[in-house]
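Q: sequence plus predicted model, see below.
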Amino acid sequence: MRAGLLLGLCLGVVASAAWAETARPGDPFGNVAAAYLVKIDGREVWSRNADATLPPASLTKMMTALLVLERADLRSVVTVSREASRETGTRLGLAPGDRMTVLELLAATLIGSANDACHALAEHVAGSETRFVDLMNARAREVGLRGTRFANACGHDTPGMLSTARDLARLAETAMGNPVFAKMAGLEDGWVSTADAGKKFSLGNKNLLIGRYRGAIGVKTGFTGSAGRCLVALAERGRKRVLLVLLNAPDRWWKAEEILDAAFAHGSGASSARP
């Protein structure tokens with residue numbers, strides 16, 4: 001017990017020293033991520049490399065879901081194509097010809113980050129993923145995402161597929177303004193089924209803050225080899241609302257909790273190890 005406690009204290013001292021060496025005014029969390037941004041009640045308070053263009057991984061699905069909600073009837077039934085069924089990475093395991101409603105495919109996309117469901121939705125809305133990507137980039141321009149360029153609907157590493165922490169914060173704010181998106185992003189788990197109920201799929205939210213971190217209400221995670229571990233997190237306590245974007249953050253869960261804690265303490269007079 002004593003050895004474990006001593007080790008923990010030593011690690012804490014090392015971590016504090018590393019932070020002291022890397023922190024700067026306006027950037028109190030040093031190299032926690034390749035880029036990060038924190039907003040409290042809509043006002044940016046801390047950031048690092050917030051305009052650096054980096055791969056967004058499945059944070060891309062925030063735009064996909066937003067477009068689906070804006071352009072599709074949630075009750076419509078989608079027939080899964082062969083192309084959608086061949087998606088790689090995280091997936092439900094849909095087969096060509098499977099039929100699911102837009103609503104259930106959307107839940108699989110947002111909660112479970114399923115690439116086959118995401119691809120099927122893109123084809124349903126625009127006829128092909130290529131045409132859907134055109135819609136994504138047009139909507140990005142409308143929202144003012146100046147550093148963002150989408151190359152596919154689901155977030156796969158592709159040359160030219162880039163975004164920024166500042167853009168993704170704005171996209172998250174826009175998407176969370178849609179009540180259906182906000183409801184789904186905050187669900188800890190659930191299940192979906194094909195239209196004939198022949199197949200059922202359980203969903204667990206990839207955002208591990210949901211159900212674990214007090215006040216967490218969204219929004220999306222992502223991971224690829226090039227993007228690293230990414231997160232857009234939104235938490236609310238009382239009248240205070242904190243939005244955090246982490247791009248390529250190796251220890252995203254612990255660091256996210258640490259930064260969110262600091263943000264909730266910020267300006268409240270509460271004690272905090274950091275600002």
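A: Perfect, I can see it now. Residues are numbered from 1 along each chain as shown.

Q: and Asn248, how many residues sit next to it?
A: As a burial measure, Asn248 scores 20 neighbours (other Cβ atoms under 10 Å). The way it works is simple: take the backbone N, C-alpha and C, and place the C-beta from them, glycine included.

Q: in the stretch 101-250 of the chain, what residue spans correspond to strands?
A: Remark: strands assigned in the stretch 101-250 of the chain by DSSP state E, counting those that start in this stretch are 189-193, 200-204, 216-224, 228-237, 240-247.

Q: which of those strands sits most buried?
A: strand 240-247 (a mean of 26; mean count of other Cβ atoms under 10 Å).

Q: so what strands line up beside that strand?
A: Each strand paired with strand 240-247, and its direction, by DSSP bridges: strand 35-40 (antiparallel), strand 228-237 (antiparallel).

Q: just for the stretch 101-250 of the chain, where's the confidence low?
A: Low-confidence segments of the stretch 101-250 of the chain (pLDDT under 70): none present.

Q: the helices in it, which residues?
A: Remark: helices assigned in the stretch 101-250 of the chain by DSSP state H, counting those that start in this stretch are 102-110, 115-126, 129-143, 165-176, 179-185.

Q: figure out which of those is closest to Ser76.
A: Judged by Cβ to Cβ, the one of those that comes nearest to Ser76 is helix 102-110, at 5.0 Å.

Q: counting by contacts, list what the closest one packs against.
A: If you count contacts as 3 or more Cβ pairs under 8 Å, 6 or more residues apart in numbering; DSSP states H and E, helix 102-110 packs onto helix 61-71, strand 77-79, helix 115-126, helix 179-185, strand 189-193, strand 200-204.

Q: could I get the buried residue list for the second one?
A: By 16 or more other Cβ atoms under 10 Å, the buried positions in strand 77-79 come out as Val78.

Q: for that strand, packing partners?
A: Judged by 3+ Cβ pairs under 8 Å, 6+ apart, strand 77-79 is in contact with strand 99-101, helix 102-110, helix 115-126.

Q: for the ones you listed, give me CSV that also has mean neighbour count.
A: What follows is the helices and strands packed on strand 77-79, written out as CSV (neighbours: other Cβ atoms under 10 Å):
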stretch, mean neighbour count
strand 99-101, 20
helix 102-110, 25
helix 115-126, 26
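
Q: relative to Gly177, which of the ones you listed is closest?
A: Closest among those, using Cβ to Cβ: helix 102-110, at 14.8 Å.

Q: got the helices and strands packed on helix 102-110 as JSON lines, with distance to Asp261 columns?
A: Shown next, in JSON lines, are those (distance: least, Cβ to Cβ, whole Å):
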{"stretch": "helix 61-71", "distance to Asp261": "24"}
{"stretch": "strand 77-79", "distance to Asp261": "41"}
{"stretch": "helix 115-126", "distance to Asp261": "32"}
{"stretch": "helix 179-185", "distance to Asp261": "21"}
{"stretch": "strand 189-193", "distance to Asp261": "25"}
{"stretch": "strand 200-204", "distance to Asp261": "24"}
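
Q: of these, which is nearest Gly160?
A: Of the helices and strands packed on helix 102-110, nearest to Gly160 by Cβ to Cβ is helix 61-71, at 15.3 Å.
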